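Student: what's the 3D shape of this:
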Amino acid sequence: MRTILLWLGVALYVFGVVLILSNVVMHYLGFNTSFDLSDPKRFQFSVARFWHFGLGIAVIGAACLMLWRRITR
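Tutor: Down below sits the predicted model:
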């Protein structure tokens, strides 16, 4: 269980940080850094930025790493 939490935590944390850094680089280069999650049929318009997803994934990865440290062998 500890090994799974370690690998999952590291993978999710790194992926989240990569998403956050890609948002910074793409914003610096002038590209659109968002997902369009809108539904025009119901007039619901929402845009989610890359860093929102990156932060959420990095937090889940950090939680896995904290659980890994907390679980004894």
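Student: the longest helix seen in the chain: what's the following helix or strand?
Tutor: Looking across the chain with DSSP state H, the single longest helix is helix 2-29. Counting by DSSP states H and E, the next helix or strand C-terminal to helix 2-29 is strand 34-36.
Student: residues in contact with that following strand?
Tutor: With contact meaning C-beta atoms under 8 Å, 6 or more residues apart in numbering, strand 34-36 is reached by 47-50, 53. C-beta: built from backbone N, CA, C; applies to glycine.
Student: apply 6 Å and report the result again.
Tutor: For strand 34-36, the external contacting residues (C-beta atoms under 6 Å, 6 or more residues apart in numbering) are 47-49.
Student: export these to CSV and tack on distance to Ile57 and pLDDT?
Tutor: Formatted as CSV, the contacts of strand 34-36 follow (distance: C-beta to C-beta, whole Å; pLDDT from 0 to 100):
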residue, distance to Ile57, pLDDT
Val47, 18, 76
Ala48, 13, 78
Arg49, 13, 82
